[in-house]
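Asker: Would you be able to build a 3D model of this:
(2 chains)
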Amino acid sequence: MTSTTVSHASGEAVDLEREDLVTGHKTYAQITNDICAPLESFPTKTWYKAITISALVMILGFAALGVTVYTGLGLWGIQNTNAWGTDIINFVFWIGIGHAGTLISAVLYLFRQNWRTGINRAAEAMTIFAVICALIYPLMHTGRPWIAAYWLLPYPNNMGPLWVNFRSPLLWDVFAVSTYFTISLVFWYIGMIPDLATVRDRAVHPVRKFVYGLLSLGWKGASRHWWNYEKAYGILAGLSAPLVLSVHTIVSFDFAVSLLPGRHTTIFPPYFVIGAIFSGFAMVVTLMVIAREVFKLKNYITLNHLEAMNKITMCTGMLVGLAYATEFFIAWYSGNPYERYVFLNRALGPYAWAYWTMISCNSIIPQIFWFKRFRRNVPMMFIVSVFVNIGMWFERFVIVVTSLHRDFLPSSWDMYTPSLTDWCITFGSFGLFFTLFLLFCRFLPVVAIAEVKSVMKTGDSHGH
Amino acid sequence: MATNSAHGAVAYFTTTSEILKAATTAREKGFKNFETYTPFPVHGMELAVGLKQSIVPWATLVCGFTGFALALHLQIWTSAFDWPINVGGKPMISGPAFIPILFELTVLLGGLGTAAFMFFLNGLPNAKPNPFDPRISDDRFALYIPFEGQKISSSEVESFLNSLSAEKVSLVMEPV
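Answerer: Got it, this is the predicted structure:
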């Protein structure tokens, strides 16, 4: 149903006509053609340039990881005072980026927000790739990734067996993140099966037909199949919705269950979850703005989609700002001198520049979206989304570093400076993320074809 | 036409309302085992075809409980029985500390079980080639009626399909 008639206060009926989710009056076949086009033609020069740059950056990151494995964690900027550095910052950052995908695909699905169909596939892909980037860090953080499985998983061994500590938030994290990755992957793949079948049925080259035939598992689109499929998809959405909230909650426990001032606060779970959604939505905007331009998908990822995304970005940005203010108030209200000091040190100490970068990028810059003109301005939203991601990276920097660098014993105070290796690994993870995303755009349908068709307004009446 | 060697007949439509109407008519006429093939889930098709409630949620329930029981057993047995270690004076069975993993394993097994059971019910993976027009994954909606098991003859099934004002009606020679 796309139009609603409501009665005005004056008694007149006002027709609220909603804009179409898919613009350009497309037929079903045109939708298939448009979305399959990037998969069925040779990539553009821009794509080659982009993937060359991102793959080079990725290789740089992997080289830095290799050197770290060979030499040891001494190459990083961490020391006794600041035992957590860019590894944990990037881990939390990437897990946060991943949240928007599941939120868009699962939570908006459960709320029947049909506009999600244009962007859910790409957002879910982004989730998978972001979690892959995130998973590198805790593994490397253990210092000996080759035996990390033994520390991280309850693995029967010859030492008793000596088990992992189930009372540790770090172990909860292992379970939360791996569950999140698995369920997101399954959800993404199941959502893609009908579209892979569409690509298979259009394929001309036998190799192509075989590969997509394999990936689509022989999907036929019978009503009995759709019936079970939709049920399973709905249940997976229902499972993913609390899962996505649990993941960043548990990530926040890594900090909140510790006894450090500035981290040991009950606000952390909601604060982390909302921050994750905030940064994730910003990253979706960054990617979508580019993808719709490069792959000519402006009729599917419309300005309305982007505007809705920007509204959520602004709303979550204000919630994050509220969390910053609440933290400060509670630090003062607690009367605890250590807690008060940590917060004053954040805002006025040697890392004040990081704190104020965080405040301005996350809480001030997105306020521009109060104006419809800016919400619908593509270059503007691109710039804001990049700022939000910078701000959210610094939020994690502030949480990780400022609680550690001046601890209870002033003689052990120290500054934290990421080393060159740290920066190479950090940029390398961006390279990995963009490389995976570019490959995804090239080989898989970026927009959920079947879902878009089922929500579009067509000439024939659906009778509902 | 050589209806003897055919397994059934299929009619192709171009809109969702046509396929819904055709499926409803086929059900009202008492055809058995007929099936529709659509490029996307059509709202109301379960009523038109007359499908019973899907049993997929049972897999979620069973697998979810299994995950919960597994997590409970794993945590209590390893922490309190197999090698009890005092961590910060916490009780051996630290209820609240076990909750996150209870939740995660419930969701993990519940989700994987749901997906696996859906694949099983739908007969996926399926290597059989599709005998229909490949456009049923693009913009065509098909109603397939097998000849076997119907009360009326093959040619009457075909003429019923022809009466539905379909875009195209054809015989299906391969088994579906």
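Asker: Can stretch B:157-169 be said to contact chain A?
Answerer: No. On the criterion CB under 8 Å from any CB of the partner chain, stretch B:157-169 is out of touch with chain A, staying 13.2 Å away. From N, CA and C alone the C-beta is placed, and that goes for glycine too.
Asker: Residues contacting that stretch, please?
Answerer: With CB atoms under 8 Å, 6 or more residues apart in numbering or on different chains as the test, stretch B:157-169 has contacts from B:1, B:3, B:8-14, B:18, B:21-22, B:25-26, B:29, B:31, B:133, B:140, B:143, B:145, B:147, B:150, B:152, B:171.
Asker: can you narrow the residues you listed to ones near chain A?
Answerer: Checking the contacts of stretch B:157-169 against chain A (CB under 8 Å from any CB), the matches are B:Glu18.
Asker: Which of the contacts of stretch B:157-169 fall in helices?
Answerer: Among these, the ones falling in helices (DSSP state H) are B:18, B:21-22, B:25-26.
Asker: Drop anything exposed from those residues.
Answerer: B:18, B:21-22, B:26 (16 or more other CB atoms under 10 Å in any protein chain shown).
Asker: Which one of those residues is nearest to chain A?
Answerer: B:Glu18 (7.4 Å; CB to the nearest CB).
Asker: Ignoring the adjacent residues along the chain, who's closest to the closest one?
Answerer: Leaving aside its sequence neighbours, B:Glu18 sits nearest to B:Phe141 (CB to CB, 6 or more residues apart in numbering or on different chains; 7.0 Å).
Asker: Isn't that neighbour up against B:Tyr12?
Answerer: Yes. Applying CB atoms under 8 Å, one finds B:Phe141 in contact with B:Tyr12, separated by 7.1 Å.
Asker: name the element A:Asp37 belongs to?
Answerer: Not Asp; residue A:37 is Ala. helix A:28-40 (DSSP states H and E).
Asker: Now do the strands in chain B.
Answerer: B:8-13, B:35-37, B:141-146, B:168-172 (DSSP state E).
Asker: can you list those in JSON lines and add mean neighbour count, distance to A:Phe329 and mean pLDDT?
Answerer: Shown next, in JSON lines, are those (neighbours: other CB atoms under 10 Å in any protein chain shown; distance: least, CB to CB, whole Å; pLDDT from 0 to 100):
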{"stretch": "strand B:8-13", "mean neighbour count": "24", "distance to A:Phe329": "63", "mean pLDDT": "89"}
{"stretch": "strand B:35-37", "mean neighbour count": "24", "distance to A:Phe329": "60", "mean pLDDT": "90"}
{"stretch": "strand B:141-146", "mean neighbour count": "25", "distance to A:Phe329": "60", "mean pLDDT": "89"}
{"stretch": "strand B:168-172", "mean neighbour count": "17", "distance to A:Phe329": "70", "mean pLDDT": "85"}
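Asker: Now do the contacts for the most centrally placed residue in chain B.
Answerer: Residue closest to the mean C-alpha point of chain B, counted by CA atoms, centre = their mean, is B:Asn122 at 4.6 Å. By CB under 8 Å, 6+ apart, the contact set of B:Asn122 is A:224-225, A:228-229.
Asker: Likewise for B:Gly64?
Answerer: B:106-107, B:109-110, B:113.
Asker: same check, this time on A:Gly321
Answerer: Counting by CB under 8 Å, 6+ apart, A:Gly321 touches A:359, A:362-363.
Asker: State the three-state secondary structure for it.
Answerer: helix (DSSP: H, G, I helix; E, B strand; the rest coil).
Asker: quick one: pLDDT of it?
Answerer: What the model reports for A:Gly321 is a pLDDT of 94.
Asker: repeat for A:Pro270
Answerer: 94.
Asker: try A:Ser54
Answerer: 94.
Asker: leaving aside the residues next to it on the chain, what's closest to it?
Answerer: If the residues on either side of it in the chain are set aside, A:Ser54 comes closest to A:Phe434, at 3.8 Å by CB to CB, 6+ apart.
Asker: Counting neighbours, what do you get for that neighbour?
Answerer: Per other CB atoms under 10 Å in any protein chain shown, the neighbour tally for A:Phe434 reads 20.
Asker: Please identify the next secondary structure element, helix or strand, after the helix or strand harbouring it.
Answerer: Counting by DSSP H and E, the element that carries A:Phe434 is helix A:420-443. Next helix or strand after helix A:420-443 toward the C-terminus (DSSP H and E): helix A:449-455.
Asker: measure A:Trp370 to A:Gly317 for me?
Answerer: 11 Å (CB to CB, to the nearest Å).
Asker: Settle it for me: which of the two has more neighbours?
Answerer: Each of A:Trp370 and A:Gly317 has its neighbours counted (other CB under 10 Å); A:Gly317 has more, 28 against 10.
Asker: Now do the contacts for the more buried one.
Answerer: Taking CB under 8 Å, 6+ apart, one finds A:278, A:362-363, A:366-367, A:388 in contact with A:Gly317.
Asker: Separate out the buried members of those.
Answerer: In these, the ones that pass as buried (16+ other CB under 10 Å) are A:278, A:362-363, A:366, A:388.
Asker: Quick one: neighbours of B:Ser155, just the number.
Answerer: Neighbours of B:Ser155 using other CB under 10 Å come to 12.
Asker: tell me the pLDDT at it?
Answerer: In this model, B:Ser155 carries a pLDDT of 83.
Asker: same check, this time on A:Ile399
Answerer: In the predicted model, A:Ile399 carries a pLDDT score of 93.
Asker: and the host helix or strand of A:Leu344, which residues are buried?
Answerer: Using DSSP H and E, A:Leu344 sits within helix A:337-348. Within helix A:337-348, the residues that count as buried by 16+ other CB under 10 Å are A:339-340, A:342-343, A:345-346.
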